[in-house]
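A.B. asks: mind looking at a prediction? Sequence and model below.
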Amino acid sequence: MAPQKLTSIMSMPMSTHLQPVGADRPATRVRGEIADELKWDLGHIYPDWKSWEEGLNELKQLVESFLSYEGTLAEGPEHFLEVNELSTRIGILLFKVHQYPSLMSAEDTRNNDVQARFEKVRIVLARFDQDAAWYTPELLRVPLATLRGWIDQVKGLEPYRFGIEETFRLQQHVLDEAGERLLALATQLKRVPSQSYAMLADADVEFPTVELSTGEKIVASHSSAMQVIQTSRVQADREAAFKGWNSTFVRHTNTYASIYNGVLQRDWFMTQARRYGSSLEAALDENNIPTAVVENLIRTARDGSQPLRRYHQLRRAALGLDRYRYFDGYVPLVEVDWKIPYSEARPLVLGSVEIFGASYQETVARAFSERWIDVYENEGKRSGAFSSGVYGVHPYMMLNYTQTLADAFTLAHEMGHTLHTVLSFERQHYATSSYTIFVAEVASMANEALLLDLLLEREKDPARRISLLQYAIDDICAGFYRQTMFADFELRAHCLVEAGEPITADRLCQLYLEVLRDFFGESLDDQEWYDHTWAHVPHFFASPFYVFQYATSKAASSLIHRAITSGDDASRTGAVERYLELLSSGGNDHPTEQLRRAGVDFSTPEPIQAQVDETVTLVTRLEDELRALGLLKR
């Protein structure tokens, strides 16, 4: 039983008026010196470590109790309900016990005491996974017709219907008790490739020093190299930063290839052990996603890559470059000093979601006012941003807000996840409260699209409008085309292993270049410089066949955004109602079916084509804005 991703809140009506916050972007990075209102309050989960320890001890006792039910599932509906309710109690408590140290660790990743407590939870979870391996094989020995009769007879069992039906749907891939226990024991072993990658790419990496045109020398680390690539107007400096950073992967290319081969072989082993036909089928079947969804995504996006190529050709012209490389795709087309303080971003995000109604906006306002959000960077704080649920409490959002345009969109993005979490819990029992990744990113990306609408509507400055359009197109390039390209590479690599082909560094580099050329055509020069960049992508090593869901979510959000913002009043209202129903449905059905009810049918090319069409529209608007400012010379 893994921690679910959803949370609960208690409904509390409140005004959507936002109270003022303290000074934007504190001068300090010392956490204790940042105003409390700008930090999340984990006391909503547990008031202190003593209470958390009591929760952990209770969890251990419940897990021990669960083991005593082995061999009793067939005793009758009331007894079966008792087992499932105990499982729910364990899950809800595990949510709290897991998330308290997890979120505490995000505040300061250097805190070994917190890490030790977090490890205690992991040990309990691993033990439960192993000792509860009896449950599924034993459940499958009870006839499905009998279980359906019990569910019809005992009302309390209804929330568990979908999960039970799913278990039987997957039963041909469930081993006997001994087999399931053996695979559970291999859990830690399966993590070795991703852990090895992390050690090589992060812990043991040694970045070279490169000299820029100014004479400044920088260590070409992940962050420093990207800082130059994203900001320098000097192409030679961007090239130096990229080549310095990339050299660390080139230098260890055979080791990275060996680690990735371990990922591919592991996936093929699990595929065969579970009796699937392909690694892709095995990865998708848990959520009953047809392999055609991924295959259709890759085919339609590849065939619809012309707007991607056109965008980079526009960039080449606007930047005045004779040779245009991949690293030239990040630098801004215009110089705009545009800061969006947190105090300004809050009402922008709140206003952008007015279309979803007062209740939705009230919950957004609560997130801002009730300390669900950790806003600014502090020493030791985890990088990036996330929204993480605590079932029975509320979601928590972590930011590292620096007042950029991207930060404002990140706030909207994470707020989309947060509201998805809230609505799912309000409408769903714990057993069906956890939504899948296939659906999750739709909510966040829809919120970003609405914020873009608001900013474009209000903004009159041409340079800022270009910045907004570039941001939106870059987001599509990264979230749709790039992730689809990654999915294409993953699929081709797994197919090589399934066909018994050897995996070498040279073959992986060749494969990556083939995919790159299929998507970018002649819009990029010197593509061979990028043959090793497959090793840059942590998702390949940590979670194969995961990234395609960013692309499908981007496409789904594009289609939903079109439906809720265009057409007559009745059609827009209906689209909003279907969308909010999607957010409220948690995990009560297969994700493709949930999206279909919201108007997104992945059995057709329509959602993918909608994203391609949106890209065409945005690139055309960008071209018009660039021409109006005289920035296109050809």
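C.D. replies: That came through, no problem. Numbering: from 1, shown residues only.
A.B. asks: from now on I want contacts and neighbour counts done on CA atoms only, so please keep to that.
C.D. replies: Fine.
A.B. asks: residues contacting Ile437?
C.D. replies: Going by Cα atoms under 8 Å, 6 or more residues apart in numbering, Ile437 touches Gln549.
A.B. asks: stretch 61-72: end-to-end distance?
C.D. replies: Start-to-end span of stretch 61-72 (Cα to Cα, to the nearest Å) is 19 Å.
A.B. asks: could you pull out the helices for the stretch 101-250 of the chain?
C.D. replies: Listed in chain order, the helices of the stretch 101-250 of the chain (DSSP state H, counting those that start in this stretch) span 112-131, 135-140, 144-153, 161-169, 177-185, 187-190, 192-198, 222-231, 235-251.
A.B. asks: and the shortest one, average pLDDT?
C.D. replies: Helix 187-190 comes out with an average pLDDT of 82.
A.B. asks: again with the last one
C.D. replies: Here helix 235-251 scores 96 as its mean pLDDT.
A.B. asks: and the next helix or strand after it, how far out from the chain's middle?
C.D. replies: Later in the chain than helix 235-251, the nearest helix or strand by DSSP states H and E is helix 253-273. Centroid separation between helix 253-273 and its chain, computed with Cα atoms, centre = their mean, to the nearest Å, is 23 Å.
A.B. asks: elements contacting helix 253-273?
C.D. replies: Judged by 3 or more Cα pairs under 8 Å, 6 or more residues apart in numbering; DSSP states H and E, the packing partners of helix 253-273 are helix 192-198, helix 279-285, helix 483-498, helix 505-520, helix 538-542.
A.B. asks: with adjacent residues omitted, what lies nearest to Asp518?
C.D. replies: Nearest non-adjacent residue to Asp518, counting by Cα to Cα, 6 or more residues apart in numbering: Arg302, 6.8 Å away.
A.B. asks: distance of that neighbour from Val537?
C.D. replies: Arg302 sits 20 Å away from Val537, going by Cα to Cα.
A.B. asks: of these two, who's got more company?
C.D. replies: Ranked by neighbour count (other Cα atoms under 10 Å), Arg302 and Val537 place Arg302 first, with 19 against 10.
A.B. asks: residues in contact with the lowest-mean-pLDDT helix or strand in the chain?
C.D. replies: Within the chain, no helix or strand scores below helix 187-190, which has a mean of 82 by mean pLDDT, DSSP states H and E. Residues external to helix 187-190 that are found in contact with it (Cα under 8 Å, 6+ apart): Arg266.
A.B. asks: likewise for stretch 529-540?
C.D. replies: Residues contacting stretch 529-540 (Cα under 8 Å, 6+ apart): 197-198, 246, 249-250, 253, 256-257, 260, 490, 508-510, 512-513, 546-547.
A.B. asks: and those, which are buried?
C.D. replies: 197-198, 246, 249-250, 253, 256-257, 260, 490, 508-509, 512-513, 546-547 (16 or more other Cα atoms under 10 Å).
A.B. asks: closest to Phe66 among these?
C.D. replies: Set against Phe66, the nearest of the buried ones among the contacts of stretch 529-540 by Cα to Cα is Tyr546 (32.0 Å).
A.B. asks: rewinding a little: switch the helices and strands packed on helix 253-273 over to JSON lines; also include distance to Leu452.
C.D. replies: As requested, these are exported to JSON lines (distance: least, Cα to Cα, whole Å):
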{"stretch": "helix 192-198", "distance to Leu452": "35"}
{"stretch": "helix 279-285", "distance to Leu452": "32"}
{"stretch": "helix 483-498", "distance to Leu452": "21"}
{"stretch": "helix 505-520", "distance to Leu452": "26"}
{"stretch": "helix 538-542", "distance to Leu452": "28"}
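A.B. asks: need the winner for burial among those.
C.D. replies: Mean neighbour count (mean count of other Cα atoms under 10 Å) peaks for helix 483-498 among the helices and strands packed on helix 253-273, with a mean of 21.
A.B. asks: that one to helix 505-520, inter-axis angle?
C.D. replies: 140 degrees (axes from the mean of the first three to the mean of the last three Cα atoms, to 10 degrees).
A.B. asks: what residues of the one helix or strand Phe425 maps to count as buried?
C.D. replies: For Phe425, the enclosing helix or strand under DSSP H and E is helix 405-427. Within helix 405-427, the residues that count as buried by 16+ other Cα under 10 Å are 405, 407-427.
A.B. asks: sorry, back to before: of the helices of the stretch 101-250 of the chain, which approaches Leu297 most closely?
C.D. replies: Of the helices of the stretch 101-250 of the chain, nearest to Leu297 by Cα to Cα is helix 161-169, at 25.2 Å.
A.B. asks: can you list contacts of that closest one?
C.D. replies: Thr136, Leu140, Leu144, Arg148, Ile151, Ala431, Thr432, Asn588, Asp589.
A.B. asks: restrict that helix to CA atoms and write it as PDB.
C.D. replies: The C-alpha trace of helix 161-169 is given here as PDB (Å, rounded to 0.1, in the frame of the first residue of the first chain):
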ATOM      1  CA  ARG A 161     -16.300  -1.900  -5.700                       C
ATOM      2  CA  PHE A 162     -14.000  -0.300  -8.300                       C
ATOM      3  CA  GLY A 163     -10.800  -1.500  -6.600                       C
ATOM      4  CA  ILE A 164     -12.100  -5.000  -6.300                       C
ATOM      5  CA  GLU A 165     -13.300  -5.100  -9.900                       C
ATOM      6  CA  GLU A 166      -9.800  -3.800 -11.000                       C
ATOM      7  CA  THR A 167      -8.100  -6.600  -9.000                       C
ATOM      8  CA  PHE A 168     -10.000  -9.200 -11.000                       C
ATOM      9  CA  ARG A 169      -9.400  -7.400 -14.300                       C
END
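A.B. asks: would you mind listing the buried residues in it?
C.D. replies: Using 16+ other Cα under 10 Å as the test for burial, helix 161-169 gives Arg161, Ile164, Thr167, Phe168.
A.B. asks: related to what we said a few turns ago, and of the helices of the stretch 101-250 of the chain, who's closest to Ile560?
C.D. replies: Nearest to Ile560, of all the helices of the stretch 101-250 of the chain, is helix 161-169, at 26.0 Å by Cα to Cα.
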